[in-house]
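Visitor: What follows is a predicted structure for the sequence shown.
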Number of protein chains: 2
Amino acid sequence: MRWWSDGVVWLVLERVVVDVTVLRLSHRPGRDQRLSTHVCLIARAFGADRVVFPSLDQGVEETVGDVVDRFGGGFEVVEDPKWRSLIRDWEGVSVHLTMYGERFVDVVETVQGCGSLLVIVGAGKVPGEVYDWVDFNVAVGNQPHSEAASLGVWLMRVLGEEVLFEDREGAKVRVEPTARGKRITRLD
Amino acid sequence: MRWWSDGVVWLVLERVVVDVTVLRLSHRPGRDQRLSTHVCLIARAFGADRVVFPSLDQGVEETVGDVVDRFGGGFEVVEDPKWRSLIRDWEGVSVHLTMYGERFVDVVETVQGCGSLLVIVGAGKVPGEVYDWVDFNVAVGNQPHSEAASLGVWLMRVLGEEVLFEDREGAKVRVEPTARGKRITRLD
């Protein structure tokens, strides 16, 4: 959307969060493999650009790689052992999803203007210093549930619902919404 | 909310879905234990009343029982081997969450007046006849992701966000939303 006013051109971005990184902390290889795979697929489907693991799990990387290969997009799974400085030096807004945080509805509008968003989700216990390093500790409810649902709800509220049905660049297949059965279109 | 008009009393329920059952299909004991536990905790936190398993996993039941014991509410995990007739004889509206279904935003308003809602989520492959038996096959996006995120998003859209922060009857503890650290109040 563009506005002209007194000879000045204002460029207004409709989607003001332009890049989303998810940091998956406390992943225990083997034990957390399936849930971390779900976290990656949720991150991708709801519009994040990458998931960072302090230590990469090959099983997770392979499953996610297969989905990206078929369904497209530039989504990636990345290893970065220096996750502490990733949080502390983050240029943009960092959010830690935890049931102890502020109500998500109170934070979502502030975050929507941030440009570059870091979202941290833990598997097991998250080190206490993370609560201090981030800009916001955010709760999708203060009942215990799951980082998988929190991540999905949070990204949907920040990025909108449309991304969930968008075609991704380079996709080989498209699933067509339908009332009964399965309709899959080959794109290549 | 009550309205009086020409001597007639109209009772308008603000929350028109009054009872929610989640049916977890294709659960494989051991392999799916952690994800099914997450599914149960999501169901509870987002306002469902029970999760039905065709075959109960004791590990799931115990973990969920511990949460209900501390955080309250009447939520339960139930075994029902006759899951086929549960779907076919359902009095109310039945919804199967699948990436192949209709866009969730197109179905949510129809479902909100149903009174009694059955939500079906699969772990592995769901039998083909389920697609025919339910009233709606619903997709929270047509990208592959996770039944955990789909369930959370769907319940939140049907039941609203407030339930995520409501105290449950008989709770022993309450988590208070806070910007830093953890604030837990004992209620007993």
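Guide: Good, I have the coordinates.

Visitor: where do the strands sit along chain A?
Guide: Applying DSSP state E to chain A gives strands spanning A:2-5, A:8-11, A:17-25, A:50-53, A:76-79, A:93-103, A:115-122, A:136-139, A:173-175, A:184-186.

Visitor: could the ones you listed be laid out in TSV, adding mean neighbour count, mean pLDDT and distance to chain B?
Guide: From N, CA and C alone the C-beta is placed, and that goes for glycine too. Shown next, in TSV, are these (neighbours: other CB atoms under 10 Å in any protein chain shown; pLDDT from 0 to 100; distance: least, CB to the nearest CB, whole Å):
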stretch	mean neighbour count	mean pLDDT	distance to chain B
strand A:2-5	8	46	28
strand A:8-11	8	48	29
strand A:17-25	20	94	13
strand A:50-53	22	98	13
strand A:76-79	16	97	14
strand A:93-103	22	98	4
strand A:115-122	21	96	12
strand A:136-139	24	98	6
strand A:173-175	16	97	4
strand A:184-186	9	97	8
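
Visitor: right, and those strands - which one's nearest B:T178?
Guide: B:T178 lies closest to strand A:93-103 among the strands of chain A, at 6.5 Å (CB to CB).

Visitor: mind listing what that closest one pairs with, with the direction of each?
Guide: strand A:115-122 (parallel), strand A:136-139 (parallel) (DSSP bridges).

Visitor: who wins for proximity to B:P54 among those strands?
Guide: From these, taking CB to CB, the stretch that ends up closest is strand A:115-122, at 30.4 Å.

Visitor: Return the distance of the closest one from the chain's centre.
Guide: 7 Å (CA atoms, centre = their mean, to the nearest Å).

Visitor: In CSV, list the C-alpha atoms belonging to it.
Guide: Taking C-alpha atoms only, strand A:115-122 is exported to CSV below (Å, rounded to 0.1, in the frame of the first residue of the first chain):
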residue,chain,number,x,y,z
GLY,A,115,10.8,-6.2,11.6
SER,A,116,12.9,-9.0,12.9
LEU,A,117,11.5,-11.4,15.5
LEU,A,118,13.2,-14.1,17.6
VAL,A,119,10.8,-16.6,19.2
ILE,A,120,12.3,-18.9,21.9
VAL,A,121,10.6,-22.2,22.8
GLY,A,122,12.0,-24.7,25.3
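
Visitor: Please find the angle between the direction vectors of that strand and strand A:17-25.
Guide: Counting by axes from the mean of the first three to the mean of the last three CA atoms, to 10 degrees, strand A:115-122 points 20 degrees away from the direction of strand A:17-25.

Visitor: How about residues contacting strand A:115-122?
Guide: By CB atoms under 8 Å, 6 or more residues apart in numbering or on different chains, the surrounding residues in contact with strand A:115-122 are A:16-26, A:39, A:48, A:86-87, A:90-98, A:111, A:126, A:130, A:134, A:147, A:150-151, A:154-155, A:158.

Visitor: if we can go back for a sec, Serialize the strands of chain A to TSV and add fields for distance to B:K172.
Guide: Shown next, in TSV, are these (distance: least, CB to CB, whole Å):
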stretch	distance to B:K172
strand A:2-5	55
strand A:8-11	53
strand A:17-25	28
strand A:50-53	35
strand A:76-79	39
strand A:93-103	16
strand A:115-122	24
strand A:136-139	19
strand A:173-175	44
strand A:184-186	49
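
Visitor: among the ones you listed, which is nearest B:V78?
Guide: strand A:93-103 (25.2 Å).

Visitor: From the rest of the structure, what touches the closest one?
Guide: The contact list for strand A:93-103 (CB under 8 Å, 6+ apart) reads A:87, A:107, A:110-111, A:114, A:116-122, A:126, A:130-131, A:133-145, A:147, A:150-151, A:154, B:165, B:175, B:177-179, B:181-183.

Visitor: which of those residues are buried?
Guide: A:87, A:107, A:111, A:114, A:117-122, A:126, A:130-131, A:133-145, A:147, A:150-151, A:154, B:165, B:175, B:177-178 (16 or more other CB atoms under 10 Å in any protein chain shown).

Visitor: Any stretches of chain A with poor pLDDT?
Guide: A:1-15 (pLDDT under 70).

Visitor: which residues in it form helices?
Guide: A:33-45, A:58-71, A:83-88, A:104-111, A:129-133, A:147-159 (DSSP state H).

Visitor: Buried by neighbour count: which residues of the second one qualify?
Guide: The reference is to helix A:58-71. A:60-61, A:63-64, A:67-68, A:71.

Visitor: which one of the residues you listed sits closest to B:S55?
Guide: Among these, and counting by CB to CB, the member closest to B:S55 is A:T63, at 26.1 Å.
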